[in-house]
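Visitor: can't give you the sequence, but here's the structure:
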Ligand code: NAP
Ligand code: GLV
């Protein structure tokens, strides 16, 4: 069995070591040293189109992340080449930590207390009501559902919006374009955990963001291109939105001249909310390769019609 690795970074040695341990019977090589056309399986992150095009005879391509928007030329591949994304693999825990921090920082008004400290001001602010602090999560998949459960455990009202309805204990489910407006109108903190697809690109534009109540806050940990930057800035500057925590951007790294960098109501991080962990990912992928070799089904297969 031949396995090809392309990680678009400097960590391919760590992936190859971990794969050699998990699948000692396999031949594991880096692209372009090994030919893509000979691979049975490929583990890829941000591959160039010519690499993907040469995988027409592979059994499966494993994307080394949850989002497959950076996988080019998929439509050129035969349908029986499976595209499999990472299912959690250590990312849900990281995403919960990040989003809880962003929301609780806002809910407990830490930024206001930082300002007060700078002014030497001792003032106990009246507490915001948790009942009025509904957390609305766009996307209730592997990560969105876990983040929703974490907020339920803390006693926040939680609602999710997804393509298909969900039954998650303690969570109100909204589904489909027809329910998006009422979901937004009743959300105080909007957390975006949608994949980037034809349908979600530019979804959060002026019209949709304006449906949020005055004073709402955005946390985007999905993909930058789901949000229209200029519309978000305009709504924050007009006072309709209170601010945003952004981990992902239309162009990454975020260009130095982008207004997000120095905006007083925007907190940003460089795409770190949930990073791919080599060990957990190799454990998941090697178990799936063994199942595929045994003719068994695996989870995490991307539905190419929907693009996620
Ligand atoms: P997932 O399991 O595929 O879940 C996607 C969710 O989005 C599902 O609930 C799906 O609805 C919903 N959805 C998709 N298209 C929709 C549409 N047109 N309308 C309404 N809902 C729609 O993905 P995941 O593992 O949770 O990851 C979500 C995204 O997070 C990834 O695609 C990636 O872009 C991002 N991410 C970012 C980081 C980071 O470090 N910033 C790390 C990991 C992941 P259904 O349930 O009905 O199918
Ligand atoms: C990271 O952004 C991922 O999609 O896993």
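Guide: Thanks, I have the structure now. These numbers were taken from a predicted model, which means no experiment stands behind them. Ligands and ions are numbered 1, 2, ... in the order given.

Visitor: so who does the residue in the stretch 51-200 of the chain positioned nearest to ligand 1 touch?
Guide: Ligand 1 sits closest to residue 141 of the stretch 51-200 of the chain, with a gap of 1.8 Å, by CB to the nearest ligand atom. Bear in mind the C-beta positions are built from the backbone N, C-alpha and C, glycine included. Contacts of residue 141 were listed using CB atoms under 8 Å, 6 or more residues apart in numbering, and they are 162, 193, 195, 308.

Visitor: filter these by proximity to ligand 1?
Guide: With the criterion set as CB under 6 Å from any ligand atom, the members of these near ligand 1 are 162, 193, 195, 308.

Visitor: can you get me a residue count around the second one?
Guide: Using other CB atoms under 10 Å, residue 193 is surrounded by 29 other residues.

Visitor: ok, it touching residue 142?
Guide: No - at 9.2 Å, residue 193 does not count as touching residue 142 under the criterion of CB atoms under 8 Å.

Visitor: measure the residue in the stretch 201-308 of the chain positioned nearest to ligand 2 to residue 306 for me?
Guide: Taking CB to the nearest ligand atom, ligand 2 has its nearest neighbour within the stretch 201-308 of the chain at residue 276, 5.8 Å off. Applying CB to CB, to the nearest Å, the value for residue 276 to residue 306 is 22 Å.

Visitor: comparing those two, which shows the higher neighbour count?
Guide: Using other CB under 10 Å as the criterion, residue 276 and residue 306 rank with residue 276 on top: 20 against 11.

Visitor: hey, where'd the helices end up in the stretch 201-308 of the chain?
Guide: Secondary structure of the stretch 201-308 of the chain by DSSP state H, counting those that start in this stretch: the helices cover 206-210, 229-237, 278-293.

Visitor: low-confidence ranges, the stretch 101-250 of the chain, go.
Guide: Within the stretch 101-250 of the chain, no stretch has pLDDT under 70.

Visitor: ranking the contacts of residue 141 by neighbours, who comes first?
Guide: Compared across the contacts of residue 141, residue 193 has the highest neighbour count, 29 neighbours, by other CB under 10 Å.

Visitor: please consider this matter closed, and thank you.
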